[in-house]
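Please work out how this folds:
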Amino acid sequence: MGQARIRYGMSYDFTSVIWCNMSQLTSKSLGERGETLAAEYLTQHGYRVLARNWRTRLGELDIVAESADGIRVFVEVKSRHTAEANPLESITLRKRKLLVSTAHYYLTEQQLNDTHWRFDVISVIFAPHQRPRIEHYQDAFDW
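Sure, this is the predicted structure:
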C-alpha cells in the first residue's frame, strides 16, 4: 500500500452537519453524512467535485473530483464513530482492484485516457460530543 502523503485533521463547523446522536445513525446514513462532509471539505480546499456515488456494474466511486492542478482524483470515503481503525487498512486488495477497474471505466467513458489521476482516502470520524474530524490521505495507495 502506498504511503499517505498528506493528512489533515479538521475540526471546524461544516454547513451540512446536523447535530444528532451519531451513535443512532445507521451505517448507510453515517456513510452519506461522511460523503457530504468529504465533498464539502474538498470544495473548501480547491477541488471541483465532478460526481458523487458514480456507479457502474463494476463498482462505485464515492467521489470523483479534480484538483486545482487538474489531476482527476477518485476519493474513497470512510466514515467511522471512532478513530481506532486505520482507514487505509480497511481498503482490502480486492476493494482496491474494484476501485481501479471502476476508475478505468470512468476515464474511458469520459474519454480521459491521457488524464493524470490518483486515489485519495478521506476518513470522517464522528466521535460522540465532538465535531466531525476529517483526515485526508492523498495518493493513498498504489495501483
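
per-residue confidence at residue 88?
With respect to pLDDT, residue 88 has a value of 80.

I'd say it and residue 141 touch.
Yes. Residue 88 is in contact with residue 141 according to CB atoms under 8 Å; the separation is 6.9 Å. Any C-beta I mention is one placed from the backbone N, CA and C, and that applies to glycine too.

between these two, which one's more packed in?
Between residue 88 and residue 141, counted using other CB atoms under 10 Å, residue 141 has the larger neighbour count: 21 against 18.

Surely residue 84 is within a strand?
No. Applying DSSP: H, G, I helix; E, B strand; the rest coil, one finds residue 84 to be coil, outside a strand.

residues of the helix or strand bottoming out on mean pLDDT in the chain that come out buried?
Every helix and strand of the chain was ranked by mean pLDDT, DSSP states H and E. The lowest is helix 27-44, at a mean of 90. Neighbour-count burial for helix 27-44, with 16 or more other CB atoms under 10 Å as criterion, is recorded at 30-42.

Find me the pLDDT at residue 13, would you?
With respect to pLDDT, residue 13 scores 44.

One more: the one 5 residues further on?
Predicted confidence (pLDDT) for residue 18: 44.

now swap in the one 3 residues further on and tell me
Reading off the confidence values, residue 21 has pLDDT 50.

Could the C-alpha coordinates of the least confident helix or strand of the chain be exported in CSV?
Output of helix 27-44 as CSV, limited to C-alpha atoms (Å, rounded to 0.1, in the frame of the first residue of the first chain):
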residue,chain,number,x,y,z
SER,A,27,-24.1,2.7,8.6
LYS,A,28,-25.8,4.0,5.4
SER,A,29,-26.8,7.3,6.9
LEU,A,30,-23.4,7.6,8.5
GLY,A,31,-21.7,7.0,5.2
GLU,A,32,-24.0,9.5,3.4
ARG,A,33,-23.1,12.2,6.0
GLY,A,34,-19.4,11.4,5.7
GLU,A,35,-19.6,11.7,1.9
THR,A,36,-21.4,15.0,2.2
LEU,A,37,-18.7,16.3,4.6
ALA,A,38,-15.9,15.0,2.4
ALA,A,39,-17.3,16.7,-0.7
GLU,A,40,-17.7,19.9,1.2
TYR,A,41,-14.1,19.6,2.5
LEU,A,42,-12.7,19.0,-1.0
THR,A,43,-14.6,22.1,-2.3
GLN,A,44,-13.2,24.2,0.5
